[in-house]
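**Student:** Generate coordinates for the sequence data below:
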Amino acid sequence: MYQISEMLRNQAKENPKRIVFPEPSDERVLEAVEYIRKEKIAQPLLLTQDNIEPEKQEEFANFFYEKKQIKGVTFEEARELMENPLYYGATLVRLGYADGFVAGATFTTSSVIRAALQCLELDKSFGLISSCFVMEVPNCQYGENGILVYADCGVIPYPTSEQLAKIAISTAQFTKHVLKFEPRVALLSFSTAGSAEGRWIEKVREAVTLAKSKTNEFLIEGEYQGDAALVPEVAEIKIKGSEVAGKANVLIFPNLDAGNICYKLTERLARAKAIGPIILGTIQPCSDLSRGCSAQDIIDCTAITVIRAQEK
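**Tutor:** Numbers count the residues shown, from 1 in each chain. Okay, the predicted model is just below:
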């Protein structure tokens, strides 16, 4: 087992939480839920037609309608949404019947994110939903003994400087609270500390300035190329005296293309463990899954969701 998996699962077992799984027909989900229940990683609630309660559907439809009628949603539309186990499960979490949900083995990422946006509370200190992956690269000295956090790899295609700053801060918070190590955040680019110019680079520089103006809790630097962020010998040549360069354990990508491509390449070429995408920016915790996930991936995403619920 990977180091990160064992750590997360043991931490979740300290105080298992109620986690909803709205994909009861997927064999990987069934295998994961059986293991999670047996090992007491969480208190899993596998939604099936037998345990979706008509009384709760009515309650949830009324709740959703009251919140969304100002945007033109009718009660009939709200009632129809609560026939969808993804929305029903998310509302279970929102109203306190459960502590988090994990989905995406069969639902697309866009569907999971829509349900989170529509049903969960948005953290107003950020005002946006993003995502991160926890990566563990075996036999690797970079990051935090081979553990790194990548963001955003699943939600915002072309983030603005303001959005990049918020992604950096929310990912740093996640790293500190869930993974329990101090984040050293590098915003990535094809330039290092002014080695090139262009509007894409200016966007990253501005994001670093904005992030630092919003918080002094975390070490956030950039713009850095990937090797300058990770490799001490390269950092020593390009940026002397930095607390992040050559030591970064949180990597913020300039757009979704870069983030998504890089996490998949790292996973496949370096045989890395990739856990996520973890949805950031909601008050109630939830995790998306890659549709190519394994049962082990589902177990690890569940452990993270439990830990976030413990923190909440």
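**Student:** Only C-alpha atoms from now on, for both contacts and neighbour counts.
**Tutor:** Will do.
**Student:** in this structure, which spans are strands?
**Tutor:** Ranges of strands in the chain, per DSSP state E, are 18-21, 43-46, 100-102, 130-136, 147-151, 184-188, 219-224, 250-252, 273-280, 286-287.
**Student:** May I see those arranged in CSV, with mean pLDDT as well?
**Tutor:** Output for those, formatted as CSV (pLDDT from 0 to 100):
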stretch, mean pLDDT
strand 18-21, 97
strand 43-46, 96
strand 100-102, 96
strand 130-136, 96
strand 147-151, 97
strand 184-188, 97
strand 219-224, 93
strand 250-252, 98
strand 273-280, 93
strand 286-287, 94
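**Student:** just the helices in this structure please.
**Tutor:** Using DSSP state H, the helices of the chain run over 3-13, 27-39, 54-68, 75-81, 85-94, 109-119, 161-174, 199-214, 226-230, 232-238, 256-269, 295-311.
**Student:** Between these, which one is closest to residue 101.
**Tutor:** helix 85-94 (6.6 Å; C-alpha to C-alpha).
**Student:** Contacts for the closest one, please.
**Tutor:** Helix 85-94 has contacts (C-alpha atoms under 8 Å, 6 or more residues apart in numbering) with 20-23, 47, 57, 60, 81-82, 98-101, 103, 112, 115-116, 119-121, 284.
**Student:** returning to that earlier point: okay, the strands of the chain in CSV with distance to residue 233 and mean neighbour count next?
**Tutor:** Output for those, formatted as CSV (distance: least, C-alpha to C-alpha, whole Å; neighbours: other C-alpha atoms under 10 Å):
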stretch, distance to residue 233, mean neighbour count
strand 18-21, 44, 26
strand 43-46, 46, 20
strand 100-102, 40, 28
strand 130-136, 22, 25
strand 147-151, 19, 25
strand 184-188, 16, 27
strand 219-224, 14, 26
strand 250-252, 18, 29
strand 273-280, 26, 26
strand 286-287, 36, 28
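**Student:** how close does the one residue sitting closest to the centre of the chain get to residue 7?
**Tutor:** What sits nearest the mean C-alpha location of the chain, by C-alpha atoms, centre = their mean, is residue 278, with 2.0 Å. Going from residue 278 to residue 7 by C-alpha to C-alpha, to the nearest Å gives 17 Å.
**Student:** How about residue 52?
**Tutor:** With C-alpha to C-alpha as the criterion, residue 52 and residue 7 are 33 Å apart.
**Student:** And for residue 128?
**Tutor:** 29 Å.
**Student:** okay, those two: which has more neighbours?
**Tutor:** residue 128 (18 against 13; other C-alpha atoms under 10 Å).
**Student:** ok, the residue lying farthest from the centre of the chain to residue 243 distance?
**Tutor:** Going by C-alpha atoms, centre = their mean, the residue of the chain most distant from its centre is residue 237, 33.2 Å out. According to C-alpha to C-alpha, residue 237 and residue 243 sit 14 Å apart.
**Student:** For the residue nearest to residue 274 when sequence neighbours are not counted, list each beta-bridge partner.
**Tutor:** Distances taken as C-alpha to C-alpha, 6 or more residues apart in numbering put residue 135 closest to residue 274, at 4.7 Å, once the chain neighbours are dropped. Residue 135 has the following beta-bridge partners by DSSP bridges: residue 148, residue 274.
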